[in-house]
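Enquirer: I would like to see how this sequence folds:
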Amino acid sequence: MYINPSHKQSLILSARELDGQTTLTTDTHLPFSVNINLNTWSNSSASKITFPVVQGMGFVTAGYRNATPMIQTGGKGFADFVGPFPMGNSAKYRIKDMEGRPWLIYINPVPGVDYDSMRLIRLDSNTLLASPGFKGTIQVAKSPLGAESEAMYDRTFATFACEAKVSAVVNDTRGVYTFHYTKVGTSPLLMFALPHHLLSLDPSLRGQVTKLQLRTTTKGMATAIWADKLTFVESNLPSAMHFGPWNPTLSTTPRVRYPPEVLALIAAIAERDLRRAMTEPTPADSMYYAGKSLAKFATIVWVIKDVLQNDALVTAGLDKLKQELARYIANQQKYPLYYDDSWKGVVSNAGFVDPSADFGNTYYNDHHFHFGYHVYVSAIIGYLDPPWLNQGDNKAWTNMLVKDFAESDYHGRDYPFSRSFDWYHGHSWAKGLFESGDGKDEESTSEDGFASFAIKMWGKVIGDINMEKRGIPQTHDNASELELTME
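Expert: Okay, here's the model as predicted:
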């Protein structure tokens, strides 16, 4: 478990007009960005602050509309406050928070608006107050390198990222992906990259890497890079990975050949495990446990077919496996799935009464874990019995599960893009809609990787090359961002 240490806020961006009845809203919910709004209670045209939050953003930017900006810190108050320094129509201030950490503040009025950005006063030891009626942005950034980092921020202030998309190309074992940033302003963007990004950064961007680093909560030191887009190159992708044992040093996956005595031992254990799998009931109360049970069953059947090549024994096991999965495809399990039009996904009705039922499936917890097992089962069945793919709703049902947790269409109507896998962080998040005091968690790296492997293999089995290629970098667990157009 990781618990982020609790500190008082270093800086608080607010406005004098905001009070106890202030409302917090969000809008423009995109895979890697969101707008957070603070509104006064009275009416929609009153004071408002909007924070455009984008993964990797160089500044914290607050957009003010008709407000009196107020900046605060806790404890004994600001340790230092120097300025203003004129920056055209903008003004810069150097401050140190309650713990003596250096920050920069840039006040940027909307062009053409008559506003004195030089009048940020120290109201008391904890509060800085600007003039009323402000329209524009206030940007703050930590400046750990002194004059060196200040010069960087002077180059990029009044510009900020507001959205990100990703494009990616996977060719065999090599993948290239790019974060494309939409920005407001004309200056170059200063974006922060995580340690795993630096390991695969496009060589053409090496010269844009700066010395500026800030500590993240769980990912180590983030490094600032000058770039309106960030490109990364991944080699040794697991393109050859199949259902059987895989050697990452080989470009293909040869059939493993076992000595007769090893095959005899595998056969004895597999036959015993198959009998148990065929007689034990599939857990009825949980999509998660049902998926794990069926995935184990499917793996046994695959071993009997591909390793032992026992066609007579595999037929009985495969028929029983298809029968068990058919109940879920027909939505006749104890807790059927429903489509939720609010958050755009399929959820178990087990949580309609108890939100924590089935590990919070109804509230989108762990969907890639739960549904990834079922996708894997469909991939095994489709591999062993290709005609099954085109029977009834088998393919459509499995594709629905993939779309729920790994939709590839950025503009998809029915599901959000990549609900589980975070292309910026390079792994999935397990948490759904529940509050989480210490932030979201990944919970299970093995099941995260397995869900991506299931996507890869399902795509391979049904001949969807793009789906297979989307699953490859996710399985590699070190990838990118949005609108994945694979070639």
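
Enquirer: mind checking the end-to-end distance for stretch 112-125?
Expert: The first and final residues of stretch 112-125 sit 33 Å from each other (C-alpha to C-alpha, to the nearest Å).

Enquirer: report the buried residues of it.
Expert: For stretch 112-125, burial by neighbour count (16 or more other C-beta atoms under 10 Å) applies to Tyr115, Ser117, Leu120. (Each C-beta comes from the backbone N, C-alpha and C, glycine too.)

Enquirer: any idea how far the first one lies from Thr26?
Expert: In other words, Tyr115. Using C-beta to C-beta, to the nearest Å, we find Tyr115 at a distance of 27 Å from Thr26.

Enquirer: still on that earlier bit, with pLDDT and secondary structure as extra columns, can I get the buried residues of stretch 112-125 in TSV?
Expert: Compiled in TSV, those are given as follows (pLDDT from 0 to 100; DSSP: H, G, I helix; E, B strand; the rest coil):
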residue	pLDDT	secondary structure
Tyr115	93	coil
Ser117	93	coil
Leu120	95	coil
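
Enquirer: reformat these as JSON lines; add distance to Ser420.
Expert: Supplementary listing: the buried residues of stretch 112-125 in JSON lines, determined by distance: C-beta to C-beta, whole Å:
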{"residue": "Tyr115", "distance to Ser420": "44"}
{"residue": "Ser117", "distance to Ser420": "43"}
{"residue": "Leu120", "distance to Ser420": "43"}
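
Enquirer: just how off-centre is the helix or strand hosting Ala396 within its chain?
Expert: Using DSSP states H and E, the element containing Ala396 is helix 394-406. On the basis of C-alpha atoms, centre = their mean, to the nearest Å, helix 394-406 sits 19 Å off its chain's mean C-alpha point.

Enquirer: which elements pack onto that helix?
Expert: Packed against helix 394-406 by the contact rule (3 or more C-beta pairs under 8 Å, 6 or more residues apart in numbering; DSSP states H and E) you find helix 311-329, strand 345-348, helix 367-384, helix 445-462, helix 465-476.

Enquirer: show me what it is in contact with.
Expert: 328-329, 345-346, 367-368, 371-372, 374-375, 378, 381-382, 388-389, 412, 414-415, 418-421, 451-452, 455, 458, 462, 467, 470, 474 (C-beta atoms under 8 Å, 6 or more residues apart in numbering).

Enquirer: run the last query once more with 6 Å
Expert: Contacts with helix 394-406, where a contact means C-beta atoms under 6 Å, 6 or more residues apart in numbering, come from 329, 345-346, 367-368, 371, 374-375, 378, 388-389, 415, 419-420, 455.

Enquirer: ok now the very next helix or strand once past it, how far from the chain's centre?
Expert: Per DSSP H and E, helix 394-406 leads on to strand 421-422 as the next helix or strand towards the C-terminus. Distance of strand 421-422 from the chain centroid (C-alpha atoms, centre = their mean) equals 3 Å.

Enquirer: do the same with stretch 212-230
Expert: Taking mean C-alpha positions (C-alpha atoms, centre = their mean), stretch 212-230 and its chain are 16 Å apart.

Enquirer: what's the span of it, first residue to last?
Expert: One end of stretch 212-230 to the other measures 17 Å (C-alpha to C-alpha).

Enquirer: report the buried residues of it.
Expert: So for stretch 212-230, counting by 16+ other C-beta under 10 Å, buried means Leu212, Ala222, Thr223, Ala224, Ile225, Trp226, Ala227, Lys229, Leu230.

Enquirer: one more: stretch 353-369?
Expert: Within stretch 353-369, the residues that qualify as buried are 357-369, counting by 16+ other C-beta under 10 Å.

Enquirer: tell me the secondary structure at the residue nearest to Val256 when sequence neighbours are not counted.
Expert: Among residues not flanking Val256 along the chain, Pro245 sits closest, at 5.4 Å (C-beta to C-beta, 6 or more residues apart in numbering). Look at Pro245: counting by DSSP: H, G, I helix; E, B strand; the rest coil, its state is coil.

Enquirer: still on that earlier bit, out of the buried residues of stretch 212-230, give me the two with the largest separation.
Expert: Spanning the widest gap among the buried residues of stretch 212-230 are Leu212 and Lys229, at 18.8 Å by C-beta to C-beta.

Enquirer: ok so, going back, just the closest of the buried residues of stretch 353-369 to Val170, please.
Expert: His368 (19.8 Å).

Enquirer: check that closest one and give its pLDDT.
Expert: At His368, the predicted lDDT confidence score is 97.

Enquirer: quick one: residues contacting it.
Expert: By C-beta under 6 Å, 6+ apart, the contact set of His368 is Phe405, Ser420, Ser428, Ala451.

Enquirer: ok, it to Val461 distance?
Expert: To Val461, His368 is 19 Å away according to C-beta to C-beta.

Enquirer: go on, Gln213?
Expert: 44 Å.

Enquirer: report how many residues lie close to Asn39.
Expert: By other C-beta atoms under 10 Å, the residues close to Asn39 number 20.

Enquirer: use 49 as the first number from now on
Expert: Sounds good: first residue 49 from here, last item Asn87.

Enquirer: show me what it is bridged to.
Expert: Thr71, Lys96 (DSSP bridges).

Enquirer: touching, Ala502 and His422? I think so.
Expert: No: between Ala502 and His422 there is no contact under C-beta atoms under 6 Å: 8.3 Å.

Enquirer: more neighbours: those two, which one.
Expert: More neighbours surround Ala502 than the other of Ala502 and His422, with 29 against 26 (other C-beta under 10 Å).

Enquirer: which ones are touching the more buried one?
Expert: Gly420, Val423, Tyr424 are the contacts of Ala502 under C-beta under 6 Å, 6+ apart.

Enquirer: which residue packs closest to the second one, ignoring adjacent ones?
Expert: To tie it back to what came earlier, the one meant is Val423. Val423 sits nearest to Ala502 (C-beta to C-beta, 6+ apart), 4.2 Å away.

Enquirer: ok, now how distant is the one you found from Leu238?
Expert: 38 Å.

Enquirer: can you check Tyr201 too?
Expert: With C-beta to C-beta as the criterion, Tyr201 and Leu238 are 7 Å apart.
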